[in-house]
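[1] Build me a model:
(2 chains)
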Amino acid sequence: MATASTGLPEHHVAHHFDSAEQEFDSVKTGMWLFIASEIMMFGALFVGALLFHTLHPAAFSEGSSHLNWHLGAINTFFLLTSGLTMGLAVIAAQHGEQGKVRMNLVLSIILASGFLVVKTIEYSAKFEHGTLPGRLWHAHGFTDPFSHIFFGLYFVMTGLHATHVLIGMGMMIWALYRSTQVKFTRGYFTPIEMVAIYWALVDLVWVFLFPLLYLIG
Amino acid sequence: MIAHVQGDNINYLKTRSGIMNWLVTVDHKRIGMMYLASILCFFITGGTFAFLFRLELWSPLKEFLTPDQYNQFFTLHGVIMVFLVVVPGIPAALGNFILPLQIGAKDLAFPKLNLTSLYLYWLGAAIALWSIVAGHADQGWTMYAPYSLSQNPAVLWMMVAAFFLGFSSILTGLNFIVTMHNMRAPGMTWYRMPLFLWAMYATGIMQIFATPVLAITLILLLIENFFGIGIFDPTLGGDPLLMQHFFWFYSHPAVYIIVVPGFGIASEIIAAFSKKDIFGYRFVAYSSVAIAIIGFVVWGHHMFVAGQSELADSIFSFLTFFTAIPSAIKVFNWTATLYKGSIDLKTPMLYALQFLWNFTIGGLTGIILAILSVDIHLHDTYFVVSHFHYVAMGSTMVAFIGGIHYWWPKMTGKMYNETVGKIAAWLVFIGFNATFFVQLIMGSLGSPRRYYHYWDQFQIYHQISTVGLVILAIGLFTALINLIGSFWNGSVAPANPWGAKTLEWQADSPPVLYNFTETPIVTHGPYAFETEKA
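    Numbering: from 1, shown residues only, chains lettered A, B, ... in the order given. Prediction:
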């Protein structure tokens, strides 16, 4: 059962599938449907944000001027690069290069952590200035009475996104663990591929969040 | 092959007994049965609330409920029936059991995910029940802002419950669609799939794409309650209409999540008991998908009087008329299937026929409500209540009960008593129509819904409705006792008691653990009655 080169066992197809191919196709279809579902969820949030952008343009312009777009740009860099390393992890898994898989997973985790560190820096600045959602709002110097809505949406949207970053990191750590349990081959690289697809969603949402909140004023 | 070998040829009920083995099972049949039992329990719970407030409405004055209790009871009736009964209903219970059998698979694509979705359902249900104890939820099932923004703990728990139930629904739909894409037996092409599965497919699409919008709406409502970020609360600069848009973007497709599975069951029963291929198979199949797609663009018809622009009203009204086309295609095709069929009026067929009757009324009253000027008069009256009960109860639940009778021999290996089953079906038909037809009349005369005190001239309608509900309840309990009684005194069911042609009837009754002892090879369509005669 175990191969000599890595000492890791091969993957076994679950009992109710006829073949490894059927299993892989099923998992992949399922993941894409889940992503579609996630996009609908974030989509509604974006529609809401755009509505308030139209209702209270001055509040949005004032609110977005209080965000640090440099930090946002650094985070965009972190996420897009981690998307690249996750893609490389998939290619490495397809070639059965276990070491490269692990290296790219670790790099992705580091980049994702970098994103969260920057996010924490940004959030602490908001706490300091009191630009907090709803009832917690105690900021001074804002002229538009609806500026708090901008920051409410900012926290909801980036918070939900950050939750997805955390879940994605959890999945990467799980994939790292899987890489010590089973051998990835051209015929079996499902866990890595699934994490990569999920991570692409996390990237995608940020690619829209960044301009909406930081750049459009 | 590891641990399962010795269980392979024993029926799924007997493989491993004991409650713990049921609770950790990944077998779609056992999960389906647990869903069925849970859903029926909540159907009785939700029905009890309805029964109590309908008794209260016997007279315009107080009978035995206070106005506050009355508000809570119709809220609980709505929440339980929508989120715990009709939305999960047919897919989670019958779909789970029948879908893999009908395509010749061993199980759903993701058996563990299936069990997860059952536990999410139970979690959501437990939280929903907790909300009854936690306080007074009287906002109505729609949770409109600002009613739902009063930081009432009962309302907050109800939102959390609906969130988990929605998640459960997404996972079920996802599992079904993946299974239908990848797990069909050799020879089972898309156009050889039974129409029940086309209905499950259309339902799955709506579950996956609409439910997440409900999820984010509930998250935003919770955040609005806790932090007051001003997204839905008008006093903070928010937009309550946005909440209604979000809510109906889910809840209108949810209406089709509720009724489309009923279409699927009706197609199966009508074909099997007319001994005829369904008339216009592809049209019936496509019309399910068409309803699913059109269902996404009609949500605004719930908001005709809520302050939407006239342009939006007109567009939504126009699009709503479109849903009548696929619905009518179905009704006409079922009727055409009956024509010159060898009709056998067994219990499931009686339910399928009353489904046809009720759905025609439910559908046509929907057209009336889609007319802008008429809707201004009928909005928030008993006419609307009756319309959606003709769809949710008269169509979906009737089809569901018909489906339970139809597949009961397959699920349990027992035959229920046919005579008692038929009597129950008639009682349900008479009781249901007595309860709700008068509400159409009452509503068109202008009687508003959700009122505790009503005008004296409506008393007779309320009383007929209450008597109707008593008959309906007797019918439903007769059916339930008949089914459960079959465990003790039912005769042993043969593999194919109805002579139906779909694949599940080739499996044993009840099926073995992995459904078929050999993977079936499909060579003909689902309703090939003609080939047998030749």
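[2] mind listing what residue B:77 touches?
    Taking Cβ atoms under 8 Å, 6 or more residues apart in numbering or on different chains, we find residue B:77 in contact with B:46, B:49, B:50, B:53. Bear in mind the C-beta positions are built from the backbone N, C-alpha and C, glycine included.
[3] The last one - nearest residue in space that isn't next to it in sequence?
    Nearest residue to residue B:53 in three dimensions, chain neighbours excluded: residue B:73, at 4.4 Å (Cβ to Cβ, 6 or more residues apart in numbering or on different chains).
[4] what's the following helix or strand after the strand or helix carrying that neighbour?
    Counting by DSSP states H and E, the element that carries residue B:73 is helix B:67-79. Next helix or strand after helix B:67-79 toward the C-terminus (DSSP H and E): helix B:89-90.
[5] Can you tell me what sits against that following helix?
    Against helix B:89-90 from outside (Cβ under 8 Å, 6+ apart): B:39, B:258, B:261, B:262, B:264, B:265, B:396, B:397, B:399, B:400, B:403.
[6] Distance of residue A:107 relative to chain B?
    In this view, residue A:107 and chain B are 30 Å apart by Cβ to the nearest Cβ, to the nearest Å.
[7] Next, count neighbours for that residue.
    18 (other Cβ atoms under 10 Å in any protein chain shown).
[8] The one 4 residues further on now?
    Number of residues near residue A:111 (other Cβ under 10 Å) recorded here: 20.
[9] who wins for neighbours among the contacts of helix B:89-90?
    residue B:399 (32 neighbours).
[10] tell me which element that one is part of?
    Per DSSP H and E, the secondary structure element for residue B:399 is helix B:398-412.
[11] what's the next secondary structure element after that helix?
    Past helix B:398-412, the next helix or strand by DSSP H and E is helix B:418-444.
[12] Quick check: which helices or strands does that next one pack against?
    Counting contacts by 3 or more Cβ pairs under 8 Å, 6 or more residues apart in numbering or on different chains; DSSP states H and E, helix B:418-444 packs against helix B:347-370, helix B:382-391, helix B:398-412, helix B:459-489.
[13] right, and those - which one's nearest chain A?
    helix B:398-412 (19.3 Å; Cβ to the nearest Cβ).
[14] Not counting residues beside it along the chain, what's closest to the residue most central in space within chain B?
    Nearest to the mean C-alpha position of chain B, counting by Cα atoms, centre = their mean, stands residue B:86 at 3.3 Å. Using Cβ to Cβ, 6+ apart and skipping the chain neighbours, the partner closest in space to residue B:86 is residue B:258 (4.6 Å).
[15] Give the full set of residues in contact with the one you found.
    B:82, B:86, B:87, B:89, B:391, B:392, B:396.
[16] and the gap between it and residue B:208?
    16 Å (Cβ to Cβ, to the nearest Å).
[17] just to revisit the earlier point, could you pull up the residues touching the residue nearest to the centre of chain B?
    B:258, B:392, B:396, B:397.
[18] Find the nearest non-adjacent residue to residue B:452, please.
    residue B:67 is the one closest to residue B:452 (Cβ to Cβ, 6+ apart), at 4.4 Å.
[19] would you turn the contacts of residue B:77 into TSV with distance to residue B:385?
    Shown next, in TSV, are the contacts of residue B:77 (distance: Cβ to Cβ, whole Å):
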residue	distance to residue B:385
B:46	15
B:49	15
B:50	11
B:53	12
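[20] got a list of contacts for stretch A:125-137?
    A:63, A:66, A:68, A:138-140, A:147-148, A:151-152, A:155-156, B:223-224, B:226-230, B:236.
[21] do the same with stretch B:150-159
    B:79, B:127-128, B:130-132, B:134-137, B:139, B:143, B:148, B:218, B:221-222, B:225-226.
[22] what separates the residue lying closest to residue B:495 once chain neighbours are set aside from chain A, distance-wise?
    Excluding the flanking residues, the one nearest residue B:495 by Cβ to Cβ, 6+ apart is residue B:509, at 5.3 Å. According to Cβ to the nearest Cβ, residue B:509 and chain A sit 21 Å apart.
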